[in-house]
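Enquirer: the following block contains a protein sequence and its predicted model.
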Amino acid sequence: MRVLLSTFGSRGDVEPLAALAVRLKEAGARVRIFAPPDEEIERLLAGAGVPRTPFGPSVRSLVTGARPPSPDTAYRLARDLVAERFAMLGEAAEGCDAVVATGLMPIGARSVAEKLGVPYVCAAFTPIGLPSPHHPPGRRPGPPPPPEVTGTKELWEFDAARVAEMYGEAHNEQRAAIGLPPIDDHRDHALTGRPWLAADPTLCPWQEQPGHDVVQTGTWILRDERPLPARLEAFLEAGAPPVYVGFGSMAVRDAAGVARVAAAAVRAHGRRVILASGWAGLALAPGLDPDEEGDCLAVGEVSHQALFPRVAAVVHHGGAGTTAAAALAGAPQVVVPQVADQPYWAARVAALGIGAAHDGPVPTVESLSAALGVALTRETAVRAKAVAGGFLTDGARAAAAMLLEEISR
């Protein structure tokens, strides 16, 4: 049995898919992941023992370039990804039994599965890309909706039109090349009428509604058994639990300034701080060096599963993966949302009482200190532990079982 998994995005889009791949392999399936060529992703998949085929450009190069990607760049990327997806999946999919797609709108993967007559699943790690009357769509590249387009239904219609504008021409050209008829609604074609939502139902509840058949599997968690670096272990053992600060695969403006703000805000609460460099390049600066203060340590990429249970709080950007990792660890959170679905996760953290949502993407010492004042209370710590106790940890296993059942049918 062969399954092809396809995604385009940062580590947060790839790691859950790797978790599904591991569960499928345990069930006897042969699996291959098509994912971006970033070094971090290559190491991740190699560590999980999952074969990878590089797909698309480096995501890090897009995120951390000299200038943010323009709408024109996004439109070109959309067309290029469609063509590459048809070419690469089409070649590899001969003889496969199913195709699963996640990440940035995976236009084309379903068409390849359709041509081969095999099952196709689209999975999302956040609900904001799934049409619903209960929330508006996320922002896509290009001009915003006209001022008169304000209702949720109208916003979703505008979103479908924007997806068609970005991907439609290239998608229908590729479909015609393999003998498939053109389509109009490219977004809903990719999502299908029954997408999977790979997120914990407490952390990320899906509100059921007629005509929207969403299958919620629970979060797809890849076990990370790497030990923490000796230097980090020593820092943790040297005092009370510190506060972790990291922005993952985000590029933030003035990383040195953010590091100074974070250290000052954490120190205002009498806590030590761990700065995770990430793609933002958070780093120690004069006045932050542990040799001078002894209360601040900069680290590279480490196991969140090993670290988060040992910190007093996690300050982060609000990616789906980091939010879930902190929730699973029972660590209070402060979410400083930057883009995309991150405001959603910030709101969920605040609504659950497991942390605080920072107002806006640029923290000051005062604003971050105030948010930490919420996260570091005993009430928040107790609530975070309670939510962690009910967290579903077998979402990838459940998804693998459903996929195999679909194949058998």
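Expert: That came in fine, so what should we check first?
Enquirer: make it CA atoms for all contacts and neighbour counts henceforth
Expert: Fine.
Enquirer: what's around Arg253, how many residues?
Expert: Residues lying near Arg253 (other Cα atoms under 10 Å) number 11.
Enquirer: per-residue confidence at it?
Expert: pLDDT for Arg253: 77.
Enquirer: just the one 10 residues further on next, same as before
Expert: We note a pLDDT of 94 for Ala263 in this prediction.
Enquirer: can you pull the phi/psi pair for the residue nearest to it when sequence neighbours are not counted?
Expert: Ranked by Cα to Cα, 6 or more residues apart in numbering and with sequence neighbours excluded, the top spatial neighbour of Ala263 is Val273, at 6.3 Å. Val273 has phi and psi values of phi -130, psi 140 when expressed as degrees, to the nearest 10.
Enquirer: repeat for the one 10 residues further on
Expert: When quoted as degrees, to the nearest 10, the phi and psi of Ala283 stand at phi -150, psi 160.
Enquirer: doesn't Gly300 make contact with it?
Expert: No. Between Ala283 and Gly300 there is no contact under Cα atoms under 8 Å: 9.7 Å.
Enquirer: how far away is Gly330 from Pro119?
Expert: According to Cα to Cα, to the nearest Å, Gly330 and Pro119 sit 37 Å apart.
Enquirer: so how far is Ala371 from Thr364?
Expert: 11 Å.
Enquirer: look at the two and report which has more neighbours.
Expert: Ala371 (22 against 16).
Enquirer: is it true that the more buried one touches Ile354?
Expert: No. Between Ala371 and Ile354 there is no contact under Cα under 8 Å: 11.8 Å.
Enquirer: count the residues that sit near Cys296.
Expert: When neighbours are defined as other Cα under 10 Å, Cys296 has 23 of them.
Enquirer: which strand residues bridge it?
Expert: Val273 (DSSP bridges).
Enquirer: surely Ser61 forms part of a strand?
Expert: No. Using DSSP: H, G, I helix; E, B strand; the rest coil, the assignment for Ser61 is helix, not a strand.
Enquirer: Val14 versus that one, what's the distance?
Expert: For Ser61, the distance to Val14 equals 16 Å [Cα to Cα].
Enquirer: repeat that for Cys204.
Expert: Distance from Cys204 to Val14, by Cα to Cα: 19 Å.
Enquirer: before we move on, what SS does the residue nearest to Arg348 when sequence neighbours are not counted have?
Expert: Nearest non-adjacent residue to Arg348, counting by Cα to Cα, 6+ apart: Leu203, 6.7 Å away. Three-state assignment for Leu203 (three-state DSSP): coil.
Enquirer: surely Leu203 meets Ala350?
Expert: No. Look at Leu203 against Ala350 with Cα under 8 Å: they stay out of range, at 10.7 Å.
Enquirer: which of those two has more residues huddled nearby?
Expert: Set Leu203 next to Ala350 and count neighbours by other Cα under 10 Å: Leu203 wins out with 24 against 19.
Enquirer: how much space between the more buried one and Ala327?
Expert: The value you get for Leu203 to Ala327, if Cα to Cα is used, is 8 Å.
Enquirer: now Val243
Expert: 15 Å.
Enquirer: now the one residue sitting closest to the centre of the chain. Nearest residue, chain neighbours left out?
Expert: Closest to where the C-alpha atoms of the chain average out (Cα atoms, centre = their mean) is Gly12, at 3.5 Å. Spatial nearest neighbour of Gly12, excluding adjacent residues (Cα to Cα, 6+ apart): Gly321 at 5.4 Å.
Enquirer: top helix in this protein by residue count?
Expert: What stands out as the longest helix in the chain, according to DSSP state H, is helix 71-92.
Enquirer: which is the succeeding secondary structure element to that helix?
Expert: The helix or strand immediately downstream of helix 71-92 is strand 98-101, counting by DSSP states H and E.
Enquirer: just list what whatever helix or strand comes next after that following strand packs against, helices and strands only.
Expert: Using DSSP H and E, the next helix or strand after strand 98-101 towards the C-terminus is helix 109-116. Counting contacts by 3 or more Cα pairs under 8 Å, 6 or more residues apart in numbering; DSSP states H and E, helix 109-116 is packed against helix 71-92, strand 98-101, strand 120-124, helix 186-191.
Enquirer: list the buried residues in helix 109-116.
Expert: Neighbour-count burial for helix 109-116, counted by 16 or more other Cα atoms under 10 Å, picks out 109-113, 116.
Enquirer: check Glu94 and give its pLDDT.
Expert: If you check Glu94, the pLDDT there is 80.
Enquirer: what about it, how many neighbours?
Expert: If we define neighbours as other Cα under 10 Å, then Glu94 has 12 of them.
Enquirer: so who does it touch?
Expert: If a contact means Cα atoms under 8 Å, 6 or more residues apart in numbering, then Glu94 has Leu116 as its contacts.
Enquirer: go on, Arg140?
Expert: Contact partners of Arg140, counting by Cα under 8 Å, 6+ apart, are 159, 162.
Enquirer: tell me the one of the buried residues of helix 109-116 nearest Ala262?
Expert: Ala109 (41.7 Å; Cα to Cα).
Enquirer: from Ala124, how far out is that closest one?
Expert: As judged by Cα to Cα, Ala109 and Ala124 stand 14 Å apart.
Enquirer: kindly report the domain assignment for this structure.
Expert: What automatic domain parsing lists as the domains of the chain is 2-220+393-408, 230-389.
Enquirer: mind checking how far the first one is from the chain centre?
Expert: In this case it means domain 2-220+393-408. 12 Å (Cα atoms, centre = their mean, to the nearest Å).
Enquirer: is it possible to export the helices and strands packed on helix 109-116 to JSON lines including distance to Gly28 and mean neighbour count?
Expert: Output for the helices and strands packed on helix 109-116, formatted as JSON lines (distance: least, Cα to Cα, whole Å; neighbours: other Cα atoms under 10 Å):
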{"stretch": "helix 71-92", "distance to Gly28": "19", "mean neighbour count": "17"}
{"stretch": "strand 98-101", "distance to Gly28": "14", "mean neighbour count": "24"}
{"stretch": "strand 120-124", "distance to Gly28": "19", "mean neighbour count": "24"}
{"stretch": "helix 186-191", "distance to Gly28": "27", "mean neighbour count": "21"}
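Enquirer: of all those, which one is nearest Ala259?
Expert: Nearest of the helices and strands packed on helix 109-116 (Cα to Cα): helix 71-92, 29.9 Å.
Enquirer: hey, C-alpha coordinates of the closest one in PDB?
Expert: The C-alpha trace of helix 71-92 is given here as PDB (Å, rounded to 0.1, in the frame of the first residue of the first chain):
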ATOM      1  CA  PRO A  71       1.000  40.000  -4.100                       C
ATOM      2  CA  ASP A  72       2.700  39.500  -7.500                       C
ATOM      3  CA  THR A  73       5.200  37.100  -5.900                       C
ATOM      4  CA  ALA A  74       2.300  35.300  -4.200                       C
ATOM      5  CA  TYR A  75       0.400  34.900  -7.500                       C
ATOM      6  CA  ARG A  76       3.500  33.600  -9.300                       C
ATOM      7  CA  LEU A  77       4.100  31.200  -6.500                       C
ATOM      8  CA  ALA A  78       0.500  29.900  -6.600                       C
ATOM      9  CA  ARG A  79       0.800  29.200 -10.400                       C
ATOM     10  CA  ASP A  80       4.200  27.600 -10.000                       C
ATOM     11  CA  LEU A  81       3.100  25.300  -7.200                       C
ATOM     12  CA  VAL A  82       0.100  24.100  -9.200                       C
ATOM     13  CA  ALA A  83       2.300  23.200 -12.100                       C
ATOM     14  CA  GLU A  84       4.900  21.500  -9.900                       C
ATOM     15  CA  ARG A  85       2.300  19.600  -8.000                       C
ATOM     16  CA  PHE A  86       0.800  18.200 -11.200                       C
ATOM     17  CA  ALA A  87       4.200  17.200 -12.500                       C
ATOM     18  CA  MET A  88       5.700  15.700  -9.400                       C
ATOM     19  CA  LEU A  89       2.600  14.100  -7.900                       C
ATOM     20  CA  GLY A  90       1.400  12.900 -11.200                       C
ATOM     21  CA  GLU A  91       4.700  11.100 -11.800                       C
ATOM     22  CA  ALA A  92       4.900   9.600  -8.300                       C
END
